[in-house]
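Trainee: I would like to see how this sequence folds:
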Amino acid sequence: MKLTAKEISERVGGELIGNSECAITQVAPFEEATFNDLSFVNQNEYLKNLSSSKAGILLAPKGTPVENRTAILVEQPQIAFLKILEIFAKEKKIHSEKGIHPTAFIGKGAEIGNEVSIGHYCVIEAGARIGDGTEINAFSYVGQKAILGKDCKIYPHVTLREEVLLHDRVIIHSGTVIGSDGFGYVTLDGAHHKIPQIGTVEIEDDVEIGSNVTIDRATMGKTKIGQGSKIDNLVQIAHNVQIGQGCIIVAQAGIAGSSKLGKFVTLAGQVGVGDHVNIGDGAIVAAQSGIPNDVPNGSIVFGTPARPILKERRIQVIIGKLPQIYDEFKKIKRILNPNKNDSAS
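Mentor: Purely as a prediction, here's the structure:
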């Protein structure tokens, strides 16, 4: 695929500087780009070193001084770059063949919509329903009475257990398991007795779920993932968790049972959320934080236990100074008590 600087500027609505006929065939990182590539620059460290880039076309913020280069200057470089990436992504997209592969197993009473793709060695159990345009790739499993909406994309080796419900345009990446049993036991007479997990999981429109994510079915009722939420790889979501619209949950986060996230909540990497915790709309939890208690709407919290981020940062700075503070304390103690020995190290 080849795009000229003029075509790119027209697609992103940018100001073209330099040779309008300069053409690129790919996009590349700033340090690796060649004369055949377009590169995106936004960070100060790159803006200071534009001359070092060999990119054929640069995409940069408006007002960037560009001399003797072909460049496209835009108000929002990240959004413009996203549009260019989408063009190349469509070009590279591998389209699965429509229809059911001969090695796939389709159970009794399963309903398969129009223009559906079911790949090698997939299993669609009895009573499952697959919506129009949905794509299920190799070795994936759809349990009994599970429902998948329209235009979903299920990558290889995904497990969708019995009776889970996916709405439209849901994307699930390889290795993910939806609807595994919630972790529930009662301990009696020295033995752990399993609590039957008879609920389900519901995933609303336009949710994307990364690789090796586990979302447990509810004990009763449903575990729910709200419209447009995006879940990174290696996330654990326990039984009866409720996640609101537009949430971002980053890799290795874990959410314990019956917790609730409002709309547009962000959990950064390795965040742990305790059970029965409510996190309010628009809250942001910084990486590696532990959340044992409720978090108000719009809060930005950090630490274990998580506190307002500015307070926690101040605490961390003070902790770092503790050796110095202790040395100063010992000096003061010697002055006030000159006849006593301080045996503490």
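Trainee: Test for you: state the pLDDT assigned to I94.
Mentor: The model reports I94 with a pLDDT of 66.
Trainee: Next: the one 5 residues further on.
Mentor: Looking at G99, its pLDDT stands at 94.
Trainee: which residues does it contact?
Mentor: Contacts of G99 were listed using Cβ atoms under 8 Å, 6 or more residues apart in numbering, and they are 116-118. For the C-beta atoms, the positions are set from N, CA and C on the backbone; glycine is no exception.
Trainee: Dump the residues you listed into JSON lines; add neighbour count as well.
Mentor: Converted to JSON lines, the contacts of G99 look like this (neighbours: other Cβ atoms under 10 Å):
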{"residue": "V116", "neighbour count": "21"}
{"residue": "S117", "neighbour count": "20"}
{"residue": "I118", "neighbour count": "29"}
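Trainee: Which members of those occur in strands, if any?
Mentor: 117-118 (DSSP state E).
Trainee: What residues does P29 make contact with?
Mentor: Applying Cβ under 8 Å, 6+ apart, we find P29 in contact with S39.
Trainee: so is it in a helix, a strand, or just coil?
Mentor: Under DSSP: H, G, I helix; E, B strand; the rest coil, P29 falls in the coil class.
Trainee: From D232, how far out is it?
Mentor: 21 Å (Cβ to Cβ, to the nearest Å).
Trainee: E15 now?
Mentor: E15 is 35 Å from D232, by Cβ to Cβ.
Trainee: tell me the centre residue of this structure?
Mentor: By Cα atoms, centre = their mean, the chain has its centre lying nearest to D232, at 3.0 Å.
Trainee: Excluding residues flanking it in the chain, which one is nearest that residue?
Mentor: Nearest non-adjacent residue to D232, counting by Cβ to Cβ, 6 or more residues apart in numbering: A251, 4.3 Å away.
Trainee: go on, R217?
Mentor: The shortest distance from R217 to any non-neighbouring residue, by Cβ to Cβ, 6+ apart, is to G179 (4.7 Å).
Trainee: Next: I8.
Mentor: With Cβ to Cβ, 6+ apart, the residue lying closest to I8 is I72, at 5.8 Å.
Trainee: Report the beta-bridge partners for that neighbour.
Mentor: Here I72 shows beta-bridge partners L16, L59, assigned using DSSP bridges.
Trainee: from now on call the first residue 25
Mentor: Okay, using 25 as the starting number, the last item reads as I96.
Trainee: which residues does it contact?
Mentor: Contact analysis of I96 by Cβ under 8 Å, 6+ apart lists 29, 32-33, 36, 38-41, 81-84, 104.
Trainee: Kindly reformat these as TSV and extend each row with pLDDT and neighbour count.
Mentor: Putting the contacts of I96 into TSV (pLDDT from 0 to 100; neighbours: other Cβ atoms under 10 Å) gives the following:
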residue	pLDDT	neighbour count
A29	92	24
I32	93	24
S33	93	21
V36	92	19
G38	91	21
E39	92	13
L40	93	18
I41	92	20
I81	92	28
L82	90	27
L83	90	26
A84	88	24
A104	91	23
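Trainee: how close does the closest residue to N66 other than its chain neighbours get to E110?
Mentor: Among residues not flanking N66 along the chain, P101 sits closest, at 4.7 Å (Cβ to Cβ, 6+ apart). Using Cβ to Cβ, we find P101 at a distance of 15 Å from E110.
Trainee: Same check on T94?
Mentor: Separation of T94 from E110 (Cβ to Cβ): 21 Å.
Trainee: who's more crowded, these two?
Mentor: T94 (23 against 11; other Cβ atoms under 10 Å).
Trainee: Ramachandran coordinates for the more buried one?
Mentor: Backbone torsions for T94, taken as degrees, to the nearest 10, come to phi -90, psi 120.
Trainee: can you pull the contacts of the closest residue to it other than its chain neighbours?
Mentor: Using Cβ to Cβ, 6+ apart and skipping residues adjacent in sequence, the residue nearest T94 is G42, 3.5 Å away. Contact analysis of G42 by Cβ under 8 Å, 6+ apart lists 29, 90, 92-95.
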